[in-house]
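[1] Just a sequence and a predicted model for now, questions to come.
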Amino acid sequence: MEAYVLSCNRLSTFDFRLSTKNMRTHFIAIGGAAMHNLALALHSKGYKVTGSDDAIFEPSKSRLEKKGLLPVEMGWFPEKITSDIEAIILGMHAKADNPELLKAQELGLKIYSYPEFLYEQSKNKTRVVIGGSHGKTTITSMILHVMHYHGINVDYMVGAQLEGFDTMVHLTEENDFIVLEGDEYLSSPMDRRPKFHLYQPNIALISGIAWDHINVFPTYENYVEQFEIFIQKITNGGILVYNEDDQEVKRVAEASTNPIRKIAYHTPAYTVENGVTLLETPEGPMPIEVFGAHNLNNLAGAKWICQNMGVDEAEFYEAIASFKGASKRLEKIAESKTKVAYKDFAHSPSKVAATTKAVKEQYPNRKVVACLELHTYSSLNAEFLKEYEGALNHADVAVVFYSPDAVKIKQLEEVTYEQIAQSFKRDDLVIYTNPADFKNYLFNLDLENSALLLMSSGNYGGLNFDEVKNLIE
């Protein structure tokens, strides 16, 4: 099956078909967060969209149903794959032996991974790609917020649902720019290239490099190499905006011989007064809605991108003042006079450390209770766990939750209580492996004069966040 890996050169012969109205497109694994948003975007563009999946959950289910795109029944149906389909889009959830995929190969249909199709849709646009181990969703969201504020229409693909935007993907024929969140994970089950290698950006940004996706990139050097390749993919004469506060990013960016313009950025000066973050600007201190050094660093990167998209500095500051953050990225879920709770998608060691530090900096006189769920392949890997040393040091109370069942599902070696305790290098670390026990602990905490931070890409084994709000309000 390895010979099936597609190259962009081979795909380029089909460009003309991808701009055809009423083009017949079929999604294998339509229910994913990214896939269903692309399906909705193509439907809005006038394409004839169909799809299949073996399970579709909310909110994908309702959103597809509203547009008449929800499959009538779950499962894979080779009979759906017919010779008049002009493009098959293959999701990560599909396996190499998927019956619909095998039928598409048998018929010789054009099969695209998600990023390949996005590239073909944007070949004639200025492609702006935001990459990095962390911060890319927030930076992409900041850019889109600024563009939306000033009424500048751009195409986009972002990894979170944004306030004021109907979908996570928007595609048109007429917009000059497309802003793409550049994920370093694999393109499809059949194409082992990282997604951001396929976009060939005209303008690119790298926010940070911190080893992640250990199941795909088994060594740190192998992971860093993906960013080196990404820089080489920037078009000749293009622009790389990079975070010089991150030493690995700085090294990789400065070592690149690609004939591009390089623009470094760093965390801007700011102060925190009475729980309000004030950003230093040429016009003086300006209050902003987001907080934490990592978010201010993200803001500096977004500013350079926006300036290269035609928004001047003053216009950027005017717009960014009202940016409240991306969904699940330091998202305030409840607040009272003496308590506050945040939910964050943080799971990588560097992001956990940055997020915890940001909350403590914002609420220096409160007890910060930081809860982290180990949920990803990397975080549940015994070898990788040592990367978390010091990640929760800024918390007054540090809690780690992981589910042994999740370890089994991911077919990883069992992670022990002792391994976690040793990895974080914190004697008072609280560890739970049972969802009911964790919930009982959380709901019996004294949260008076505190800031609760829940970090996870999961839900702590079924925690109801609406119930958590009741602890605060």
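    Thanks, I have it.
[2] helix, strand or coil for H148?
    At H148 the chain is in helix, as set by DSSP: H, G, I helix; E, B strand; the rest coil.
[3] Go ahead and confirm it touches G164.
    Yes: at 5.8 Å, H148 counts as touching G164 under the criterion of CB atoms under 8 Å. Bear in mind the C-beta positions are built from the backbone N, C-alpha and C, glycine included.
[4] Settle it for me: which of these two has more neighbours?
    Comparing H148 with G164 by other CB atoms under 10 Å, the one with more neighbours is H148, at 17 against 8.
[5] Do you know the pLDDT at that one?
    Note on H148: pLDDT of 94.
[6] cool, and the one 5 residues further on?
    The per-residue pLDDT reported for N153 equals 95.
[7] Now the nearest residue to it once chain neighbours are set aside. Its backbone dihedrals?
    Take N153 and drop its neighbours on the chain: the residue closest to it by CB to CB, 6 or more residues apart in numbering is N175, 5.3 Å away. As for N175, its main-chain torsions (degrees, to the nearest 10) stand at phi -70, psi 140.
[8] And for V368?
    According to degrees, to the nearest 10, V368 has phi -100, psi 120.
[9] Quick check: it vs Q200, distance?
    For V368, the distance to Q200 equals 43 Å [CB to CB, to the nearest Å].
[10] immediately after the worst-scoring helix or strand of the chain on mean pLDDT, which helix or strand?
    Least confident helix or strand, the chain: helix 8-11 with a mean of 36, by mean pLDDT, DSSP states H and E. Per DSSP states H and E, the first helix or strand lying C-terminal to helix 8-11 is strand 24-28.
[11] helices and strands around that following strand, which ones?
    On a contact count with 3 or more CB pairs under 8 Å, 6 or more residues apart in numbering; DSSP states H and E, strand 24-28 meets helix 33-44, strand 48-52, strand 87-90, helix 99-107.
[12] Quick check: longest helix in the chain by residues?
    helix 293-308 (DSSP state H).
[13] Give me the helices and strands touching that one, please.
    By 3+ CB pairs under 8 Å, 6+ apart, helix 293-308 packs against helix 136-149, strand 203-206, strand 239-243, strand 261-265, strand 276-281, helix 313-320, helix 349-362.
[14] at 7 Å what do you get?
    Helix 293-308 sits against helix 136-149, strand 203-206, strand 239-243, strand 261-265, helix 313-320, helix 349-362, with contacts defined as 3 or more CB pairs under 7 Å, 6 or more residues apart in numbering; DSSP states H and E.
[15] closest one to N222 among the ones you listed?
    Checking those against N222 by CB to CB gives strand 203-206 as the closest, at 16.9 Å.
[16] Restrict the closest one to CA atoms and write it as CSV.
    Taking Å, rounded to 0.1, in the frame of the first residue of the first chain, the C-alpha atoms of strand 203-206 are listed here in CSV:
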residue,chain,number,x,y,z
ILE,A,203,3.8,33.4,4.3
ALA,A,204,4.5,31.0,7.2
LEU,A,205,4.8,31.3,11.0
ILE,A,206,6.4,28.9,13.6
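[17] and that strand, what's its mean pLDDT?
    Computed over strand 203-206, the average pLDDT equals 98.
[18] Who are the packing partners of it?
    Against strand 203-206 (3+ CB pairs under 7 Å, 6+ apart) you get strand 126-131, strand 239-243, helix 293-308.
[19] tell me which residues of the very next helix or strand once past the second one are tucked away?
    Right, strand 239-243. For strand 239-243, the following helix or strand on the C-terminal side (DSSP H and E) is helix 247-255. Neighbour-count burial for helix 247-255 flags 248-250, 252-253 (criterion: 16 or more other CB atoms under 10 Å).
[20] Repeat that for stretch 93-107.
    Quick answer for stretch 93-107 (16+ other CB under 10 Å): 93-94, 98-101, 103-105.
[21] Run through who's touching that stretch.
    With contact meaning CB atoms under 7 Å, 6 or more residues apart in numbering, stretch 93-107 is reached by 1, 28-29, 32, 52, 76-78, 80-81, 83, 88, 90, 111, 189-190.
[22] what do you get for stretch 231-251?
    With CB under 7 Å, 6+ apart, stretch 231-251 has contacts from 197, 200-209, 224, 252-253, 256, 258-267, 297, 301, 304-305, 308.
[23] now do 8 Å
    132, 196-197, 199-210, 224, 227, 252-253, 256, 258-267, 297, 301, 304-305, 308 (CB atoms under 8 Å, 6 or more residues apart in numbering).
[24] Thanks again, I'm all set now.
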